[in-house]
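> the sequence and its predicted three-dimensional model are supplied below.
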Amino acid sequence: MAATVAMPMPTAYYDGSRLFAGLAEYIGVSVDQVNFVISQFVALALASLFRTALHPSKTQAATRHGFGLIFGLIIGYFCFGMQAIHLAGLPSICYIVIRTTNPEIMQRMVLAVALIYLSCIHLHRQVYDYGSYSLDITGPLMVVTQKVTSLAFSIHDGLCRKDSEMTKNQRHYAVRRIPTTLEYFSFVLQFPSLMAGPAMFYKDYIDFIDGNNFHTTANGKLNNNAGKTVVLEPSPLPAVIKKVSMSLFFAAAFVNFLPQFHIEGVKDDDFVENTTLLYKFWYLSMATMLVRFKYYFAWLFADAICNNSGIGFAGYDANGGAMWDKFSNIHIFKFEFGTSLKESIEAWNVGTNQWLRMIVYERVDKHATMLTYGLSALWHGFYPGYYLTFANGAVFTFAARTMRRTIRHYFTGNTELKFIYDVLTFMTTRFVMSYITFTFVLLEFWGGVRLYLHMYLCLHIVALIALFLVPRVVPKAKPGDSTQLTANGSIAHVLKQASPITNSVSNHHD
């Protein structure tokens, strides 16, 4: 049994306001957590004012830009103190690069400058506050980095590339002129998404400022009211109430249960050496799930703030209900019940996935997956545990693709087999997720490797078998296999079809 570990408290490195230190001590949580929650509730109230009193029909765009920027800076200073200077420093340097560099190479220069600046702050944190869980400036800076780099690539697309050379996504977000100073800094530092995202693209932000975001749906199609003098704007209140309620639920679960399943417990000698493999998987599953609850709290609340300000409308569903998930960072149900690693990854930190796809995955011809994982790891920082997670993520992604291509067709013949396949892939995905992500939270290299060795590297071995052995012994699908399985869709038939013993050697290498 792993020992219960006390939740860490912030160190002197935290430079935010101490105004509510007494309240934090009274309720038994750290002052940085209290500051974060207070700032988000204040932002939620300001968002309502943004949407109503400062509606585009009543206010000029410059006023809306200024309102979002000023309160973003105030919230940043309240939460981070003098460290908030970096919120202006990083985008300022990048804006100089945008204004002074040839647009043909400008986007790469901005990416390099932003990553170097962010990396310096990451390294400073690791040197002076290693392994701390306290709130610090790197979180907002990571969102700022996404914004400035995505804008730089959009400007490059708009000024230097032909429409025929771009993907549909790149054409949609292309920016045809360099933003003014006010437009740029309000986009980067607006208060609704400063603390926890979600990062949006510049075109979507300008549509929000100008009031055009209700004219189109998430697919870019015209709303039924588009082009008319009066545009019916659906109320975000139901979505806001739902997201705030869910956010507070996850926060309560995190605070109450994390001490019993703290990730530090996986370093305990008794846990590592004297617990069964099954219990280790159980503990990792619970510990990583509770850590996810912390992200769910922050992301859902941030989504609610954006929705309450009018950001995030995605059109109407089939029943005519308004959807407010255009910029959501997390799709909880899809992540927790995903039946593949790919499905779960795409549902997690959605804004970051879109950013990585836009500036890396869609722009390189070779090694797109590896380069995407590499940028994601660098963006997160330099803790060794991050690199273990992303390296494992790449390996298991390739393994999952191989297995899907090799065996999935054997289970698509009828509903019974498809259900069995979905159950097996769901369970496998859950085990794999906890297995590869605990190092991301643990941060350490040797702590993660030690536990892997005591778990016999079991899933690593399975991944290697999936990559190198399964494609050689399981025959590939042939035309008509799916039709035959519909008529002969028993488990025995599938196992027979998949067995290398009952197939000729030549089939193994088709």
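That came through, no problem.

> show me where the stretch 301-450 of the chain has its strands.
Along the stretch 301-450 of the chain, no segments are classed as strands by DSSP state E, counting those that start in this stretch.

> quick one: contacts for Tyr202?
Applying C-beta atoms under 8 Å, 6 or more residues apart in numbering, we find Tyr202 in contact with Lys147, Ser150, Leu151, Ser154, Tyr173, Val175, Pro179, Phe187. Backbone N, C-alpha and C define where each C-beta goes, glycine included.

> and with 6 Å instead?
Leu151, Ser154, Val175, Phe187 (C-beta atoms under 6 Å, 6 or more residues apart in numbering).

> separation between it and Gly139?
Counting by C-beta to C-beta, to the nearest Å, the gap between Tyr202 and Gly139 amounts to 21 Å.

> which residue is the nearest non-sequential neighbour of the spatially most central residue of the chain?
The centroid of the chain falls nearest to Asn349 when counting by C-alpha atoms, centre = their mean (1.2 Å). Closest residue to Asn349 apart from its sequence neighbours, by C-beta to C-beta, 6 or more residues apart in numbering: Asn329 at 5.8 Å.

> low-confidence stretches in the stretch 201-350 of the chain?
Within the stretch 201-350 of the chain, the ranges that satisfy pLDDT under 70 run 216-231.

> in it, which spans are helices?
With DSSP state H, counting those that start in this stretch as the criterion, the stretch 201-350 of the chain has helices at 202-210, 237-257, 269-274, 277-309, 332-336, 341-347, 350-356.

> buried residues in stretch 458-470?
The neighbour-count check on stretch 458-470 (16 or more other C-beta atoms under 10 Å) flags Leu459, His460, Val462, Ala463, Ala466, Leu467, Val470 as buried.

> got these as a markdown table, with distance to Phe214, secondary structure and pLDDT columns?
Converted to a markdown table, these look like this (distance: C-beta to C-beta, whole Å; DSSP: H, G, I helix; E, B strand; the rest coil; pLDDT from 0 to 100):
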| residue | distance to Phe214 | secondary structure | pLDDT |
| --- | --- | --- | --- |
| Leu459 | 47 | helix | 96 |
| His460 | 49 | helix | 96 |
| Val462 | 49 | helix | 95 |
| Ala463 | 46 | helix | 95 |
| Ala466 | 47 | helix | 93 |
| Leu467 | 48 | helix | 93 |
| Val470 | 50 | helix | 90 |
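
> now, which of the residues you listed sits nearest Tyr387?
His460 (15.4 Å; C-beta to C-beta).

> tally up the residues packed near the closest residue to the closest one other than its chain neighbours, please.
Closest residue to His460 apart from its sequence neighbours, by C-beta to C-beta, 6+ apart: Tyr452 at 7.1 Å. The number of residues packed near Tyr452 is 19, by other C-beta atoms under 10 Å.

> now do the helix or strand encompassing Tyr452: everything it contacts.
Using DSSP states H and E, Tyr452 sits in helix 446-454. With contact meaning C-beta under 6 Å, 6+ apart, helix 446-454 is reached by Val266, Lys267, Val272, Gly385, Leu388, Thr439, Leu442.

> now that helix against helix 277-309, angle please.
With axes from the mean of the first three to the mean of the last three C-alpha atoms, to 10 degrees defining the directions, helix 446-454 sits at 130 degrees from helix 277-309.

> in helix 446-454, what counts as buried?
Gly447, Gly448, Arg450, Leu451, Tyr452, His454.

> which one of those residues is nearest Phe335?
Of all the buried residues of helix 446-454, Gly448 has the smallest distance to Phe335: 21.9 Å, by C-beta to C-beta.

> just the local confidence number for the closest one, please.
Per-residue confidence (pLDDT) for Gly448: 95.

> and Phe426, by the same measure?
94.

> swap in Tyr130?
Looking at Tyr130, its pLDDT reads 81.

> count of neighbours near it?
11.

> how is it assigned, secondary-structure-wise?
Using DSSP: H, G, I helix; E, B strand; the rest coil, the structure places Tyr130 in coil.

> phi, psi for it please.
phi -60, psi 130 (degrees, to the nearest 10).

> how about it, what does it touch?
Per C-beta under 6 Å, 6+ apart, neighbours of Tyr130: none.

> for Phe445, see how far away it is.
On the measure of C-beta to C-beta, Tyr130 and Phe445 end up 13 Å apart.

> residue contacts, the residue nearest to Asn349?
Gly197, Pro198, Trp299, Asn349, Val350, Gly351.

> one more pass at 8 Å, please.
Taking C-beta under 8 Å, 6+ apart as the test, what Asn329 contacts is Ala196, Gly197, Pro198, Trp299, Ala302, Asp303, Asn349, Val350, Gly351, Thr352.

> check Phe20 too.
Val31, Val34, Asn35, Ile38.

> related to what we said a few turns ago, highest neighbour count among the contacts of Tyr202?
In terms of neighbours by other C-beta under 10 Å, those top out with Leu151 at 27 neighbours.

> measure that one to Ala61 for me?
According to C-beta to C-beta, Leu151 and Ala61 sit 17 Å apart.

> contacting residues around Ser92?
Counting by C-beta under 8 Å, 6+ apart, Ser92 has no contacts.

> can I get the helix or strand containing it in CSV? Just the C-alpha atoms.
Assigning secondary structure by DSSP H and E places Ser92 in helix 85-100. C-alpha atoms of helix 85-100 as CSV (Å, rounded to 0.1, in the frame of the first residue of the first chain):
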residue,chain,number,x,y,z
ILE,A,85,6.3,41.5,-16.9
HIS,A,86,7.0,38.4,-19.1
LEU,A,87,3.4,38.6,-20.3
ALA,A,88,4.4,41.8,-22.0
GLY,A,89,8.0,40.8,-22.7
LEU,A,90,7.5,37.7,-24.9
PRO,A,91,4.8,39.1,-27.2
SER,A,92,6.6,42.5,-27.5
ILE,A,93,9.8,40.8,-28.8
CYS,A,94,7.7,38.7,-31.2
TYR,A,95,5.7,41.7,-32.4
ILE,A,96,9.0,43.5,-33.3
VAL,A,97,10.0,40.4,-35.3
ILE,A,98,6.6,40.4,-37.0
ARG,A,99,6.9,44.0,-38.0
THR,A,100,10.6,44.0,-39.1
